[in-house]
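>>> coordinates only, sequence not included:
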């Protein structure tokens, strides 16, 4: 069975600094997607970044980038120049190409210190 | 363009009661998903619709849970004989088709007293 593990329940970073959130996953599939979702107090799950497993190049979206290590089954999120609006729960998620459902980790609560 | 909407935003009910939670997907999205997010956890899959039919309901915890999507658009998640353990945020997501990016609604927070 596929699993997603986020080992950091909470993290804090100073505003304007860089922070990295960790995620590991387990799967026997070769064709899958990985995601980072942000969930602010409004509860809306917002897609931050998406990575296709077949792509070697790490995905980037403005201040957000990932470090995808396929052999190690690791998928970390780096947030550069942290802003107060980045404070939220962050969920790492996995989706097998042949499957319907997204599997989420338990989340990391990110605090931004002014 | 409107995103996924869910009503009600919050629902408080008593143990043993029946509740209905509604999801309005993004217009034109054929795929619709329900997830349940318990306190301190990530969302967990409940059921997936492609059009009007439930293509995968393997995540429904028991037969008290049922969902419909009669016209291939709006979906209703129905919970009979609610239990305190059903308290959670129920999230709905939609996508243009299978294997497309899922867009989530704001969820319904259900509290069973």
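Received, thanks. Computed from a predicted model, the values in this text were never measured in an experiment.
>>> Report the secondary structure state of the most centrally placed residue in chain A.
For chain A, the residue sitting closest to the mean C-alpha position, by C-alpha atoms, centre = their mean, is residue A:36 at 3.2 Å. Judged by DSSP: H, G, I helix; E, B strand; the rest coil, the three-state class of residue A:36 is strand.
>>> Write down the beta-bridge partners of it, one by one.
residue A:49, residue A:92 (DSSP bridges).
>>> Residue B:23 now?
Beta-bridge partners of residue B:23, as defined by DSSP bridges: residue B:6, residue B:75.
>>> hang on, it packs against residue B:4?
Yes - using C-beta atoms under 8 Å, residue B:23 is in contact with residue B:4, at 6.8 Å. Yep, even glycine has a C-beta here, placed from its N, CA and C like the rest.
>>> So between those two, which is more surrounded?
Higher neighbour count among residue B:23 and residue B:4: residue B:23, with 27 against 24, using other C-beta atoms under 10 Å in any protein chain shown.
>>> just to revisit the earlier point, and for residue B:23 and residue B:4, which residues touch both?
Counting by C-beta atoms under 8 Å, 6 or more residues apart in numbering or on different chains, the shared contacts of residue B:23 and residue B:4 are B:92, B:94, B:105.
>>> Within reach of chain A, which of the residues you listed are there?
Among these, the residues within reach of chain A (C-beta under 8 Å from any C-beta of the partner chain) are residue B:105.
>>> List the contacts of the closest residue to chain B within chain A.
Going by C-beta to the nearest C-beta, chain B is nearest to residue A:104 of chain A, at 3.1 Å. Going by C-beta under 8 Å, 6+ apart, residue A:104 touches A:4, A:37, A:91-93, B:42-44.
>>> now, which of those sits nearest residue A:76?
Among the contacts of residue A:104, residue A:92 lies closest to residue A:76 (C-beta to C-beta), at 8.7 Å.
>>> I'd say that closest one and residue A:39 touch.
No - with contact defined as C-beta under 8 Å, residue A:92 does not reach residue A:39; the gap is 11.9 Å.
>>> Ignoring the adjacent residues along the chain, who's closest to the residue positioned nearest the centre of chain B?
The centre of chain B sits closest to residue B:34, judged by C-alpha atoms, centre = their mean, with a distance of 3.6 Å. Excluding the flanking residues, the one nearest residue B:34 by C-beta to C-beta, 6 or more residues apart in numbering or on different chains is residue B:46, at 4.2 Å.
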